[in-house]
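Asker: Okay, sequence plus prediction incoming.
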Amino acid sequence: MSFSKLSASEFFGTNVFSKAVMKERLPKPVYKSLMHTIDTGAPLDASIADTVAATLKDWAIEKGATHYAHVFYPLTGFTAEKHDSFLSPDGEGGAIAEFAGKTLIQGEPDASSFPNGGIRATFEARGYTAWDVTSPAYILENPNGTTLCIPTAFVSWTGEALDKKTPLLRSMQALNKQAQRVLKLFGHVNPATVVAYAGPEQEYFLVDRHFYFSRPDLLATGRTLFGAPSPKGQEFEDHYFGAIPERVLAFMLETERELFKLGIPVKTRHNEVAPGQFELAPLFEQANLATDHQQLTMVTLKRVAEKYGMACLLHEKPFSGVNGSGKHVNYSIGNATQGNLLDPGDTPHANAQFLVFCAAVIRAVHRWAGLLRAVVATASNDHRLGANEAPPAIISIFLGDQLSDIFDQVSKGGAKSSKQKETLKIGVDSLPTLPKDAGDRNRTSPFAFTGNRFEFRAVGSGQSIAGSLVAMNTIMSESLDYIASKLEKATAADPTQLNGAIQKLLEEILAEHGSIVFNGDGYSEAWHREAEKRGLPNLRTCVDALPLLGTKEAVELFSKYGVLTERELHSRMEVYLEQYCLFVTLEARTAIEMAKTIVFPAAIRYQGELASTCANLKAVGYVFDTDTLDKVTALVKELQDGIVKLEASLAEHGGGRSKLDHAKHLCNAVLPAMAAVRKTSDMLEGIVADDLWPLATYQEMLFIK
């Protein structure tokens, strides 16, 4: 059926066991109990599980499901699932569909083969999935049938988190506890549960699958390890927000249709800056649901792209020399009774509650800037962060003109006014007068205020947003805890002293943490020098950043708020270091193989053609030069030497070294050796005859859609 034959509102959420479906199908007491858990975070009443399971099974079978799957998110960052059939033999040659409450609540996938950072030994296989009632079950369609998918948390036999969901749920619980204390100081009686909200923008590249399959580096690593720049890149700035190519638009429409069915509120689609690059962005959702939906979005993008003869690349830097891809995570906190707590309103200078929560963000980001850098640290994101296309590796906050002015007033004794929105006259009578925001935006800031939320721009396009949200929720919990404790102490004897206590507290926070605020050009060298003077960390690589997860301060932070134990936090640092080592090693091995078996043979064939031509010309008495032959010969020798050096460097990881030592060697020795081989190869690509060059070129991959 054509997408235009059915409006999006008619099929939005049709494959989701939503609140509306539950209300319609579940007995009223069961529904109310379930909603109480979802809305307030209260413990799940296990006695209702059988009823929910039976109803869920019937709904799924009506939609063609034969199997169910507990879906979880291990520390690989990818989605994992184990499928089981509803059907069981009835003893009479037939089968009946069964799905018990205990099966809904708990599953038991093998835990030994997922990364765990030492929490589990290889021979210790038992792990459990636990039903996450706050994230609705859904139907995943396939041409040959459907599967009921149940979002779950994944823990070891000891109850320790082996996944990304469990710490996220814990961090949201901690955030609510501390935010409630602050809200009660402002006189709110029984405020609703405070939750984090997220809206992750997703950037990605599309490449024709014929080109994709011709590139062993794209297949194995997700990025091009070789590739000379195209004569045309992004310098004309003609791709950004340009007309969407027809095949790409068809892909986008089907992707959105599939996401709509799953209740994912995708809102925006457009061409991004680099040729072949695009973006999809959803509306805000509760952080846990946004995280699950973001994982589904990545899976759906890749799956639908195949149907249209393309490959979707989620690597942060698949092509050198053009913009990489990020996943800007828009972040706010709020509840059903007070709304968005980061909304400044029309008079932010008089909105003490907003100023307190905003100050909590400023304090949190300054105090834990290194931690925020660490949670976005991957081998692939290293290629993007710090370039003039993405936030620098230095974490700072952009507040904009209006908020900067207000906090400047606060630091001088109290805010009396706010810069107001103006109108923008374009100078054409037929065009309307437009409302003009009180301040501009800043695309170079890693952590930018954008009107009623903060945007964490350093997250990589291929990453789960869970790690970033866990960090943001936890550092906000710590900051709100600090603020609540200060204000509670100051107003214990006389609650009417709240305003004075807030003024004093805000002044202290701005004096101690205001250095994190920077509204200028984050790409400039001047900012790097200024940031160093301010004492802001500049953690340029994954190897620099990841050890911060193991510091005493980080351990105390996550332990205090019940988000991650010391063992769980240490396991994550170990896992991420191991993933860095594995990924860079894979890239190096792939580069060596491609250089030896693809680039070198192509170069010597061309060298042979040139030599033969030179010999033939000499034989008939022509005067000629051998400049091209000499250059190719020199580059072939350089390529051979580079391969030898890369192989030797890769072999030098040494026995008995720690993962961190190994990672440092890969970062400081292997990656530069890879870059040297690439440089030589790319120079050869610019000389070798096109009919002899076996790899799809940047010009083909980026521009043929």
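Answerer: Received the coordinates, thanks.
Asker: what's the closest non-adjacent residue to residue 676?
Answerer: Leaving aside its sequence neighbours, residue 676 sits nearest to residue 642 (Cβ to Cβ, 6 or more residues apart in numbering; 5.0 Å). (Glycine included, C-beta is placed from N, CA and C.)
Asker: what residue is smack in the middle of this structure?
Answerer: Computing the C-alpha centroid of the chain and ranking residues by Cα atoms, centre = their mean puts residue 463 first, at 3.7 Å.
Asker: Where does pLDDT dip in the stretch 551-700 of the chain?
Answerer: Residues of the stretch 551-700 of the chain that meet the criterion pLDDT under 70 lie in 654-656.
Asker: swap the cut-off to 80 and go again
Answerer: 623-624, 653-657 (pLDDT under 80).
Asker: Any buried residues in stretch 512-528, and which?
Answerer: 513-519, 522-523, 527-528 (16 or more other Cβ atoms under 10 Å).
Asker: what's the answer for stretch 136-146, then?
Answerer: Quick answer for stretch 136-146 (16+ other Cβ under 10 Å): 136-141, 146.
Asker: Do me a favour and get the end-to-end distance for that stretch?
Answerer: One end of stretch 136-146 sits 16 Å from the other (Cα to Cα, to the nearest Å).
Asker: likewise stretch 693-702?
Answerer: First-to-last residue span, stretch 693-702, Cα to Cα: 17 Å.
Asker: picking up where we left off before, wait, which of the buried residues of stretch 136-146 is closest to residue 21?
Answerer: Comparing those against residue 21 with Cβ to Cβ places residue 136 closest, at 8.5 Å.
Asker: Test my guess that the closest one contacts residue 285.
Answerer: No: at 11.4 Å, residue 136 does not count as touching residue 285 under the criterion of Cβ atoms under 8 Å.
Asker: So which residues of the stretch 151-300 of the chain form strands?
Answerer: Along the stretch 151-300 of the chain, the segments classed as strands by DSSP state E, counting those that start in this stretch run 195-200, 202-208, 266-271, 277-282, 285-286.
Asker: so how far is the first one off the chain centroid?
Answerer: Same thing as strand 195-200. 13 Å (Cα atoms, centre = their mean, to the nearest Å).
Asker: What strands flank that strand, and is each parallel or antiparallel?
Answerer: Next to strand 195-200 in the sheet, as set by DSSP bridges, lie strand 285-286 (antiparallel), strand 329-335 (antiparallel).
Asker: just the angle between that strand and strand 266-271, please?
Answerer: If you take axes from the mean of the first three to the mean of the last three Cα atoms, to 10 degrees, strand 195-200 sits at 30 degrees to strand 266-271.
Asker: low-scoring stretches of the stretch 151-300 of the chain, by residue?
Answerer: 235-238, 241.
Asker: which residues in it form helices?
Answerer: 165-185, 209-213, 216-221, 246-261, 287-307 (DSSP state H, counting those that start in this stretch).
Asker: Just say which of the strands paired with strand 195-200 is most tucked in.
Answerer: strand 329-335 (a mean of 23; mean count of other Cβ atoms under 10 Å).
Asker: Could you check the angle that strand makes with helix 165-185?
Answerer: 50 degrees.
Asker: Outside of strand 329-335 itself, list whatever touches it.
Answerer: 175, 179, 191-201, 284, 340-343, 357, 450, 452-456, 459, 465, 468-469, 472, 476 (Cβ atoms under 8 Å, 6 or more residues apart in numbering).
Asker: try stretch 19-26
Answerer: 13, 31, 34-35, 38, 51-52, 55, 58-59, 136.
Asker: That one - what's its average pLDDT?
Answerer: Mean per-residue pLDDT for stretch 19-26: 95.
Asker: Could you list the buried residues of that stretch?
Answerer: Quick answer for stretch 19-26 (16+ other Cβ under 10 Å): 21-22, 25-26.
Asker: Tell me how far it lies from the chain's centre.
Answerer: What separates the centre of stretch 19-26 from the centre of its chain is 32 Å, taken as Cα atoms, centre = their mean.
Asker: May I see the ChimeraX selection of the buried members of the contacts of stretch 19-26?
Answerer: Selection of buried members from the contacts of stretch 19-26 for ChimeraX, criterion 16+ other Cβ under 10 Å:
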select :13,31,34,38,51,52,55,59,136
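Asker: Just put the contacts of stretch 19-26 in a markdown table and tack on pLDDT.
Answerer: Shown next, in a markdown table, are those (pLDDT from 0 to 100):
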| residue | pLDDT |
| --- | --- |
| 13 | 92 |
| 31 | 95 |
| 34 | 93 |
| 35 | 93 |
| 38 | 89 |
| 51 | 95 |
| 52 | 95 |
| 55 | 95 |
| 58 | 95 |
| 59 | 97 |
| 136 | 95 |
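Asker: what kind of secondary structure is residue 562 in?
Answerer: Under DSSP: H, G, I helix; E, B strand; the rest coil, the three-state class of residue 562 is coil.
Asker: got the contact list for the closest residue to it other than its chain neighbours?
Answerer: Spatial nearest neighbour of residue 562, chain neighbours left out: residue 170 (5.7 Å); criterion: Cβ to Cβ, 6+ apart. Applying Cβ under 8 Å, 6+ apart to residue 170 gives the contacts 161, 561-564.
Asker: one more time with 10 Å
Answerer: 153, 161, 470, 473-474, 558, 561-564, 568 (Cβ atoms under 10 Å, 6 or more residues apart in numbering).
Asker: repeat for residue 631
Answerer: Residues near residue 631 by Cβ under 10 Å, 6+ apart: 610, 683-684, 687.
Asker: Closest one to residue 268 out of the contacts of stretch 19-26, please.
Answerer: Closest to residue 268, out of all of the contacts of stretch 19-26 and judged by Cβ to Cβ, is residue 13, at 19.1 Å.
Asker: how close does the closest one sit to residue 21?
Answerer: 9 Å (Cβ to Cβ, to the nearest Å).
Asker: can you list residues touching both of these two?
Answerer: Counting by Cβ under 10 Å, 6+ apart, the residues touching both residue 13 and residue 21 are residue 136.
Asker: Let me know the closest of the contacts of residue 631 to residue 66.
Answerer: Looking across the contacts of residue 631 and measuring by Cβ to Cβ, the closest to residue 66 is residue 684, at 53.7 Å.
Asker: which stretch of helix or strand covers that closest one?
Answerer: In the assignment (DSSP states H and E), residue 684 maps to helix 671-685.
Asker: so what secondary structure elements neighbour that helix?
Answerer: Other helices and strands packing on helix 671-685, by 3 or more Cβ pairs under 10 Å, 6 or more residues apart in numbering; DSSP states H and E, are helix 566-594, helix 600-619, helix 627-651.
Asker: Report the buried residues of that helix.
Answerer: Neighbour counts over helix 671-685 (16+ other Cβ under 10 Å) mark 671, 673-674, 676-678, 680-685 as buried.
Asker: who touches the closest residue to residue 265 other than its chain neighbours in this structure?
Answerer: Excluding the flanking residues, the one nearest residue 265 by Cβ to Cβ, 6+ apart is residue 283, at 4.2 Å. Applying Cβ under 10 Å, 6+ apart to residue 283 gives the contacts 197, 199, 264-268, 290, 330.
Asker: ok, back up a step: for the buried residues of stretch 512-528, work out which two are farthest apart.
Answerer: Across the buried residues of stretch 512-528 (Cβ to Cβ), the longest gap, 23.5 Å, separates 513 and 523.
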